[in-house]
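Undergrad: Just need the structure, nothing else, for what follows:
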Amino acid sequence: QVQLVESGGGLVQPGGSLRLSCAASGSIFSINAMGWYRQAPGKQRELVAQITSVGSTNYADSVKGRFTISRDNAKNTVYLQMNSLKPEDTAVYYCKGSIDTYRGSYYRSEYWGQGTQVTVSS
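TA: Next comes the predicted model:
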């Protein structure tokens, strides 16, 4: 059993910053790519940023230069530093991980966190 737990969301004024964390726990053998997604009311879930096991990153055009994704492999944790926040960044932010587990054989599955609300408003 694997769990992803996000934290760090909240209410922030435009131009402010937040740092999201996502910690993976459970019967983990290894973690491959991890990513942050977001879903605003009435919109589809979209990729915000992704990081591979060796640290390669990619970002949505809308957040390039403002958001930074990083990971701490020793802690099985991925972070999203969000700066210069805008009202249009308001959404529920979800963490997703591609995780290998061992149960007699190796299995690779994708796991989602429960989401954390980010609201950017004055």
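
Undergrad: How about the secondary structure of the residue in the chain sticking out farthest from the centre?
TA: Of all residues in the chain, residue 104 has its C-alpha farthest from the mean position, at 29.3 Å, by C-alpha atoms, centre = their mean. Secondary structure state of residue 104, per DSSP: H, G, I helix; E, B strand; the rest coil, is coil.

Undergrad: what about it, distance to residue 48?
TA: Using C-beta to C-beta, to the nearest Å, residue 104 is found at 35 Å from residue 48. C-betas here are computed from N, CA, C, even on glycine.

Undergrad: May I have the predicted confidence score for the residue minimising distance to the centre of the chain?
TA: Nearest to the geometric centre of the chain sits residue 36, at 2.9 Å (C-alpha atoms, centre = their mean). pLDDT recorded at residue 36 is 98.

Undergrad: ditto for residue 102
TA: Note for residue 102: predicted pLDDT of 88.

Undergrad: quick one: it and residue 30 touch, right?
TA: No. Taking contacts as C-beta atoms under 8 Å, residue 102 lies outside contact range of residue 30: 9.3 Å.

Undergrad: the more surrounded of these two?
TA: Set residue 102 next to residue 30 and count neighbours by other C-beta atoms under 10 Å: residue 30 wins out with 14 against 11.

Undergrad: Now the more buried one: closest residue in space that isn't a chain neighbour?
TA: residue 100 (4.6 Å; C-beta to C-beta, 6 or more residues apart in numbering).

Undergrad: Who is that neighbour paired with across the strands?
TA: With DSSP bridges as the criterion, residue 100 is bridged to residue 30, residue 108.

Undergrad: Give me the neighbour count for it.
TA: When neighbours are counted by other C-beta under 10 Å, residue 100 registers 14.
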